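**Q** Sequence plus predicted model, see below.
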Amino acid sequence: MSRKKSFTPYANEADVLEIGNLMLENRLDRITISGDLDLTADQAGLEAARRLHAQLGEIVTALEARELPEQLPPPAVKTVDNPFS
């Protein structure tokens with residue numbers, strides 16, 4: 001996984017953006033957000049809030065530029081044999 005300070009939303013299946021302990025994982029059809037982030041009332045909290053706000057703005061812009069279906073189907077889940085057994 002590539003760890004970058006920014007990424008182009010929905011551009012690939014590899015980029016991960018970290019803001020504090022919050023991770024935004026890029027996919028071609030979705031962005032997964034996990035973890036937690038404290039937006040403290042100080043300069044560090046303001047910087048984290050600005051980074052999150054900017055990234056969410058890029059995501060909204062990318063979505064608005066597409067023709068979107070009503071709802072995506074759930075991702076396909078594939079079971080594979082355990083290579084260690």
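**A** Ah, there it is. Numbers count the residues shown, from 1 in each chain.
**Q** helix/strand/coil for Leu39?
**A** Per DSSP: H, G, I helix; E, B strand; the rest coil, the secondary structure class of Leu39 is coil.
**Q** and the helix or strand harbouring Ala54, what does it pack onto?
**A** For Ala54, the element it lies in under DSSP states H and E is helix 43-64. Applying 3 or more CB pairs under 8 Å, 6 or more residues apart in numbering; DSSP states H and E, we find helix 43-64 packed against strand 15-19. The C-beta positions use only the backbone N, C-alpha and C, and glycine is treated the same way.
**Q** So for the strand it packs on, mean pLDDT?
**A** Averaging pLDDT along strand 15-19 yields 94.
**Q** That one: which residues count as buried?
**A** Asp15, Leu17, Ile19 (16 or more other CB atoms under 10 Å).
**Q** Show me what the residue nearest the centre of the chain is bridged to.
**A** Most central in the chain under CA atoms, centre = their mean is Leu24, positioned 2.7 Å from the mean C-alpha point. Beta-bridge pairing of Leu24 under DSSP bridges involves Leu17, Ile33.
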